[in-house]
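Colleague: Next input, structure requested:
(4 chains)
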Number of protein chains: 2
Amino acid sequence: MISIAIIEDDEDIRESLKILIQTTEDFTCAGTFADAETGLEFLTANPADIVLMDIHLPGMDGIECVRQLKSVHPEMQFIMCTIFQDDNSVFNALKAGATGYLLKNDDPGKIIDAIHELHAGGSPITPQIARRVMESFKRPAVNDAIHLLTKRETEMLGLLAKGFRYKEIADKLCISTETVRKHINNIYQKLHVQSRIEAVNKIFGDRS
Amino acid sequence: MISIAIIEDDEDIRESLKILIQTTEDFTCAGTFADAETGLEFLTANPADIVLMDIHLPGMDGIECVRQLKSVHPEMQFIMCTIFQDDNSVFNALKAGATGYLLKNDDPGKIIDAIHELHAGGSPITPQIARRVMESFKRPAVNDAIHLLTKRETEMLGLLAKGFRYKEIADKLCISTETVRKHINNIYQKLHVQSRIEAVNKIFGDRS
DNA sequence: CCCACAATACCACTTTAGTGTGATTTTTCT
DNA sequence: AGAAAAATCACACTAAAGTGGTATTGTGGG
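Modeller: I've put the predicted structure just below:
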């Protein structure tokens, strides 16, 4: 039995979804809420398996609500519901922790499918959204600057990135720490940086 | 007109795909190749719009081939072809730069659809693969360990991650470098690390 | 064959980072 | 108001990292 909660401000849609879920085998409705705050409060204490979450809500929006619930119950799954496919909102929702989404005017069968798909470990999203996710995930592939480095230097950089000391790198590669030092110096010159973390950021990309 | 190249070692499949493409409106076949090396050489000089790439090939595999071609022609798109849905290979192919994939026993219509979808800016992948991509993209959102840190410490860590020296951080925040040193020491103790890069990796996640 | 480059190694020296301890002030929470 | 946590500063010391120069060996490309 999959427990499903609904957070949706439009009463008609909310009730339709509720009925749809209640009349579907294996699905049970864990509660319906008209705003993020109420839903957040209830679901924090009584987690559901899956939440159908409207993106546009009065007060706190659905994306923020996902973020907060996800931080408390990481295993809870979210499907975002929107009127139209606003790529950006959906994308942000995915970043916040949602796993899928559907359009409010999708037919009931599709909604049921999406929930099943999600519960089976899939991610109900359109190819367009998939592409955006993929593009942002396929991080800048590693900066072009890496081509400036030799094989050995690249290897060094990898170990540097992992936080090994010169001595440890030297032992690992069976060379002297002086050689390690030299290689790393060459790397810094090529990349125009003067510390380990700058080199790593330059090649593998910044975070934070 | 969309030009499509095929790299596939099985002659029957290769020819079927070729015929499928040649007989479809708007599609033209830019060449067929039985191995990655030949395809790589030709396509480097004569880029196609889309490449249907087998994953398992004699010699260089399709994933490496994608990686190399993508580095030379970033705009070239790739659809991986596999016999069965080997999640891991597909996932690696996506990391290497492929945008979609299909199964060799998908029916012709589905193959045509996938190509159109790709060309239209979508990403033909199954929900299962989408989920994996999403999960790795939605990276641990910042390690839980960060909750151990105070506001000021988190701020420090952010600057540390960017590669600022203690002195620079001190100037930026108008405090003494001794204070900076102290904060950072506290961070290291809380995270059980003993260097800047380890702390950064612990919180923001490793790369490479 | 020779040159350029990569990889190896050493030394001397400076700077930055990290450790240990202690103390004062400000905030925050109860 | 009072205790706890956070933020501030200082000093002494050690360990690592980074800089600059020099030299040898092997290897691949012209």
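
Colleague: Tell me where the model's unsure across chain A.
Modeller: Counting by pLDDT under 70, the ranges of chain A that qualify are A:137-144, A:207-208.

Colleague: Tell me the residues on it that lie near chain B, please.
Modeller: A:94-95, A:97, A:99-100, A:117, A:121-128, A:130-131, A:133-134, A:136-138, A:141, A:157-158, A:160-163, A:193, A:195-198, A:200-201, A:204-208 (CB under 8 Å from any CB of the partner chain). C-beta: built from backbone N, CA, C; applies to glycine.

Colleague: how about a cut-off of 6 Å?
Modeller: Within chain A, the positions adjacent to chain B are A:117, A:122-125, A:127-128, A:130-131, A:133-134, A:137, A:158, A:161, A:163, A:195, A:197-198, A:204, A:207-208 by CB under 6 Å from any CB of the partner chain.

Colleague: for chain A, which helix is longest?
Modeller: If you go by DSSP state H, chain A has its longest helix at helix A:177-191.

Colleague: Quick one: distance of it to the chain centre.
Modeller: Per CA atoms, centre = their mean, to the nearest Å, the displacement of helix A:177-191 from the mean C-alpha position of its chain is 36 Å.

Colleague: tell me what that helix is packed against?
Modeller: Contacts defined by 3 or more CB pairs under 6 Å, 6 or more residues apart in numbering or on different chains; DSSP states H and E place helix A:177-191 against helix A:151-161, helix A:166-173, helix A:196-204.

Colleague: can the longest one be found next to DNA strand C?
Modeller: Read it as helix A:151-161. Yes. With CB under 7 Å from any atom of the strand as the criterion, DNA strand C is reached by helix A:151-161 at A:151-153.

Colleague: doesn't A:V51 fall inside a helix?
Modeller: No. Counting by DSSP: H, G, I helix; E, B strand; the rest coil, A:V51 is located in no helix; its state is strand.

Colleague: I'd like the distance between it and DNA strand D.
Modeller: 32 Å (CB to the nearest atom of the strand, to the nearest Å).

Colleague: again with A:C174
Modeller: 15 Å.

Colleague: Can I get stretch A:14-23 in CSV, CA atoms only?
Modeller: Extracted C-alpha coordinates of stretch A:14-23, given in CSV (Å, rounded to 0.1, in the frame of the first residue of the first chain):
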residue,chain,number,x,y,z
ARG,A,14,-7.4,18.5,-4.7
GLU,A,15,-10.6,16.6,-4.4
SER,A,16,-10.3,15.0,-7.8
LEU,A,17,-6.8,13.8,-7.0
LYS,A,18,-8.0,12.5,-3.6
ILE,A,19,-10.8,10.5,-5.2
LEU,A,20,-8.5,9.2,-7.9
ILE,A,21,-6.1,7.9,-5.3
GLN,A,22,-8.7,6.5,-3.0
THR,A,23,-10.3,4.6,-5.9
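
Colleague: ranges for the helices of chain A?
Modeller: A:11-22, A:36-45, A:62-72, A:87-96, A:108-119, A:127-137, A:151-161, A:166-173, A:177-191, A:196-204.

Colleague: got the domain boundaries for chain A?
Modeller: Partitioning chain A according to automatic domain parsing yields domains covering residues A:2-133, A:139-204.

Colleague: Point out the most buried one among the ones you listed.
Modeller: By mean neighbour count, with neighbours taken as mean count of other CB atoms under 10 Å in any protein chain shown, domain A:2-133 ranks first of the domains of chain A at a mean of 19.

Colleague: a markdown table for the helices and strands packed on helix A:177-191, including distance to B:R181?
Modeller: Listed next are these as a markdown table, based on distance: least, CB to CB, whole Å:
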| stretch | distance to B:R181 |
| --- | --- |
| helix A:151-161 | 23 |
| helix A:166-173 | 22 |
| helix A:196-204 | 17 |
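
Colleague: Among these, which comes closest to A:E64?
Modeller: The closest of the helices and strands packed on helix A:177-191 to A:E64 is helix A:196-204. By CB to CB, the value is 29.5 Å.

Colleague: Residues of chain A that sit close to DNA strand C?
Modeller: Contacts of chain A with DNA strand C, taken as CB under 7 Å from any atom of the strand, map to A:150-153, A:173, A:175-176, A:178-179, A:181-183, A:195.

Colleague: what's the burial count for A:D206?
Modeller: By other CB atoms under 10 Å in any protein chain shown, the residues close to A:D206 number 12.

Colleague: State the distance from it to A:E135.
Modeller: Using CB to CB, to the nearest Å, we find A:D206 at a distance of 18 Å from A:E135.

Colleague: And for A:D54?
Modeller: Counting by CB to CB - A:D54 and A:E135 are separated by 26 Å.

Colleague: what does A:E25 give?
Modeller: 38 Å.

Colleague: Distance check, the residue most central in space within chain A against DNA strand C.
Modeller: Centroid-nearest residue in chain A: A:K95, 4.1 Å away (criterion: CA atoms, centre = their mean). A:K95 is 28 Å from DNA strand C, where distance means CB to the nearest atom of the strand.
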